[in-house]
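> turn this into a model:
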Amino acid sequence: MGLTLSIVPEELEVEPGETAECELQLHNTGSVVDQFTLDIIGSISEWATLEPPVVNLFPDAESTARLILSPPRTADLLAGDIPFAVRATSREDPDGSAIEEGTLTLAPFSEIGGEFVPQGSRGSFRAKHRLAVDNLGNVPITVGIGITAPDNEIIFKIRRSSLTIKPGTAVLIPVRVIPKKRYFKGPNKTHPFQAAITGEGVDPVTADAAMVQEQVFPTWLPAVLAGLVALLITMAILWFALLKPVLKSEAQTAANQQTQQLTSGLQEAQAQAQNANQQAQAANQQASKALEVVGGPSAEASARASATPTTGTGQNGTGGTGGGTGTNGAATTPTPAATQAAAAPTAAAAAPQATAPAASSPTTPPGTTIDLTIQANAPAGQAGTFKTFAYTVPAGKKLLVSDFVISNPAGDSGLLQIRRGASTLIPLGLDNFRSYDQHFIQPIEITAGQQLVLAVDCRNATGACTPSGYFSGKLQ
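Numbering: from 1, shown residues only. This is a model prediction of the structure:
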């Protein structure tokens, strides 16, 4: 059993939006009656049909079918050769099916479109538009752009006046519209304008828009200015008629009150000073009378006598009474009054010295500074299983960890634990960081024989987890 299939003609050309067809010739080379199902292979299947789609043939018989091609007129189908194939599938012998290839040449066509976005604008000095130019054809096209205004009262600034556009795409071109003359006050003026878009092999298209030119001073400005002037006048009247007299009166009242307070305070101070002077005179008179009664020296002489030192003898630096000090024999002994006067400041100076607490300064733990790195390399694919990497503290030593930095440069996924032996100190998620550090005021202590452990549960899809830990501290 078998089949011979051919396309006549194998190459054909068609205009977008039109129809072309070719003939399919089938020959049953088998020895039994067979049914052949026809189908199309390739991108043309969306707009191609087969008539009939099923052909029945006796042995050594021939028949024909038609392939009708109707490509749409769209920019999605680029001009050029489009390969396709027709397959005939045997019902009796599927392995004996036949496939025949052909080529369709799609003819080029050009079409353009354009419009302003927005089509209307307002402004006193300038306005902005964008000209959208569309290539609706199936080949690239170079277009030229020109903009004109019927009233010739505006000028245009366009970034590009010529450009090439790919099939099925659009380009937005900024356009600025500037009035030649401006006016401060008056009615709005409308300036229409038009863009002409031309290209080789296509009919020119136009796009219309308009700019409404407004006066420089907005219409609401005079009313606002009049309102502001009225408000200023009202505030001035209120100030001079009401507020200023009230404030002046209150200020005068406050000043008078302060003056009265100062005057009364001064009089009270003068009275107190006069009273103190009288009391001092009375005390002086009483002291003079008391001295006259006992017949002793005057108060001034007593004061001079109490301040006069006496001289004594001592041996080898010790002499006098009352705690005096001397050098090799002679020592000065102060009188009781002088001793009391000297003792007072000495005691006052000694008091804060006796009560002031000693300042404490932080001490650095003795030992050797140590920096160590634990590098992990945990294989993936064993979720829930921790791979451990450890540092063992030497015998007779203890490790004090004050700082550590955990690095995850590869962005691994999984879990990481910092352990002291079998005890977990800090659990971390590798997905949450690339670099993680901690600094302790009270260091972590690991005794001799214990291990500082980096445990990793790698959950990467592929590849091992390679985080590392840097630890700093003292080894005592």
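
> tell me the mean pLDDT over stretch 16-32?
What stretch 16-32 shows for mean pLDDT is 91.

> which of the residues in it are buried?
Neighbour counts using 16 or more other CB atoms under 10 Å place 16, 20, 22, 24, 26-28, 30 of stretch 16-32 among the buried residues. For every residue, glycine as well, the C-beta is placed using N, CA and C.

> who is Ala209 paired with across the strands?
For Ala209, the beta-bridge partners under DSSP bridges are Phe193.

> one step back: in helices, which of the buried residues of stretch 16-32 appear?
Members of the buried residues of stretch 16-32 lying in helices (criterion: DSSP state H): none.

> now the helices for this protein?
Secondary structure of the chain (DSSP H): helices located at 221-238, 244-294, 299-306, 336-355.

> the first one vs helix 244-294, what angle?
Here the directions of helix 221-238 and helix 244-294 differ by 40 degrees (axes from the mean of the first three to the mean of the last three CA atoms, to 10 degrees).

> returning to what we had before: quick check: of the buried residues of stretch 16-32, which lies closest to Arg126?
Pro16 (42.5 Å; CB to CB).

> now the nearest residue to the closest one once chain neighbours are set aside: phi and psi?
In this structure, Pro16 finds its nearest non-sequential neighbour in Arg73, 4.2 Å apart by CB to CB, 6 or more residues apart in numbering. Backbone torsions of Arg73, given as degrees, to the nearest 10, read phi -90, psi 90.

> so, low pLDDT: which residues of this protein?
Across the chain, the ranges flagged by pLDDT under 70 are 1, 218-222, 290-365.

> domain assignment for the protein?
Using automatic domain parsing, the domain parsing of the chain gives 3-106, 112-213, 368-475.

> any chance of JSON lines for those domains, columns distance to Thr253?
Formatted as JSON lines, the domains of the chain follow (distance: least, CB to CB, whole Å):
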{"stretch": "domain 3-106", "distance to Thr253": "89"}
{"stretch": "domain 112-213", "distance to Thr253": "53"}
{"stretch": "domain 368-475", "distance to Thr253": "62"}
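
> which one of those domains lies nearest to Lys248?
Closest approach to Lys248 among the domains of the chain (CB to CB): domain 112-213, 45.0 Å.

> how long is the closest one from one end to the other?
This stretch, domain 112-213, spans 31 Å end to end (CA to CA, to the nearest Å).

> for that domain, the distance to its chain's centre please.
Its chain's C-alpha centre lies 39 Å from the corresponding centre of domain 112-213 when counted by CA atoms, centre = their mean, to the nearest Å.

> got the contact list for the residue nearest to Pro16?
With contact set as CB atoms under 8 Å, 6 or more residues apart in numbering, Arg73 has these partners: 16-17, 109.

> give me the spatial nearest neighbour of Pro409, chain neighbours excluded.
Excluding its sequence neighbours, the residue lying closest to Pro409 (CB to CB, 6+ apart) is Arg434, at 6.6 Å.

> and that neighbour, how many neighbours?
13 (other CB atoms under 10 Å).

> and which of the buried residues of stretch 16-32 is nearest to Val393?
Once CB to CB is applied, the member of the buried residues of stretch 16-32 that ends up nearest Val393 is Pro16, at 83.4 Å.
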